[in-house]
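*Asks:* The following comprises the amino acid sequence and a computationally predicted model.
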Amino acid sequence: MFAWGSKVFFQMNRPPDDAMNVSVVGKRWMWKIQHPTGQREINELHVPVGRAVKLTITSEDTIHSFFVPAFRIKKDAVPGRYNVAWFRATKVGSYHLFCAEYCGTEHSKMIGKVVVMEPEDYQTWLAGGPPPESPTVQGEQLFTELNCITCHRPDSAGRGPVLNGIFGRGVRLASGDTVIADETYVRESVMNPATKVVAGYQPVMPTYQGLVTEEQLIALIAYIESLQIPSGETVPVPEEAE
């Protein structure tokens, strides 16, 4: 019974592979939302009916809670951590969005709505403004501007580990532990790089605390997730880590 229940619970909480990725940042007293194509919204989330939507949720200041009663979704937005929720809206309409965690004097005003649209209407909405840059493109620009590319080179000639193909895979640390390179790991590596140093490398990376915003972190993560291993090649591994 436990094994069956665990399997069902895991399947219910795991977003489908083809889900649309939307980032959500809570901040006193608003929800900042960005679509995979780059469109940004404040306190509103437009989605197509029938499409699975994955929410990657965090906070800039204190604990909030992203709550859409009609969809039975309630997920905490926690500073320094990414939580994931997903839903698939089945009916066109407008649905209330609340913060369900007391977050200060204007907590009651931290409200919004999820607008579920027909797919063709959603595409029209997306095309309604000037073409925005996607988080992946923004992340690539930041990766260059912050000189990340100097140490994280794809040929392993830099002072930092190769990032191509790393996202979602196991990473061996200098401590001997292995962690999965997910959103939380990448964020921690940017903000507190000495905490989990990759085996075979020195802790020389500076912290970017106070230098990048949560939105910029999400963009960097999107770019790193997009980095693939060139066909026919493998990720170079330093001799000390073997």
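*Replies:* Structure received.
*Asks:* Which helix or strand in this structure has the lowest average pLDDT?
*Replies:* Scoring the helices and strands of the chain by mean pLDDT, DSSP states H and E places helix 2-13 at the bottom, with a mean of 50.
*Asks:* After that helix, which helix or strand is next?
*Replies:* Downstream of helix 2-13, the first helix or strand assigned by DSSP states H and E is strand 20-27.
*Asks:* which residues touch the helix or strand just after that next one?
*Replies:* As assigned by DSSP H and E, the chain's next helix or strand after strand 20-27 is strand 30-34. For strand 30-34, the surrounding residues in contact (C-beta atoms under 8 Å, 6 or more residues apart in numbering) are 22-26, 40-45, 66, 97, 99, 110, 112, 135, 215, 218. For glycine as for every other residue, the C-beta is placed from the backbone atoms N, C-alpha and C.
*Asks:* Same check on stretch 169-188?
*Replies:* The contact list for stretch 169-188 (C-beta under 8 Å, 6+ apart) reads 56, 80-82, 161, 166-168, 195-201, 217, 220-221, 224, 241.
*Asks:* Pull out the buried residues from those.
*Replies:* Among these, those classed as buried by 16 or more other C-beta atoms under 10 Å are 56, 82, 161, 166-167, 196-201, 217, 220-221, 224.
*Asks:* can you give me the helices in the protein?
*Replies:* Applying DSSP state H to the chain gives helices spanning 2-13, 119-126, 135-145, 148-151, 183-191, 214-226.
*Asks:* Turn those helices into CSV, columns for distance to residue 87.
*Replies:* Formatted as CSV, the helices of the chain follow (distance: least, C-beta to C-beta, whole Å):
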stretch, distance to residue 87
helix 2-13, 11
helix 119-126, 15
helix 135-145, 20
helix 148-151, 33
helix 183-191, 19
helix 214-226, 19
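*Asks:* Out of the ones you listed, which one sits most buried?
*Replies:* helix 214-226 (a mean of 22; mean count of other C-beta atoms under 10 Å).
*Asks:* For that helix, name the packing helices and strands.
*Replies:* Using 3 or more C-beta pairs under 8 Å, 6 or more residues apart in numbering; DSSP states H and E, the elements in contact with helix 214-226 are strand 20-27, strand 30-34, strand 52-59, helix 135-145, helix 183-191.
*Asks:* Dump these to CSV, plus mean pLDDT and distance to residue 104.
*Replies:* Below are these laid out as CSV (pLDDT from 0 to 100; distance: least, C-beta to C-beta, whole Å):
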stretch, mean pLDDT, distance to residue 104
strand 20-27, 97, 11
strand 30-34, 97, 12
strand 52-59, 98, 12
helix 135-145, 95, 28
helix 183-191, 95, 24
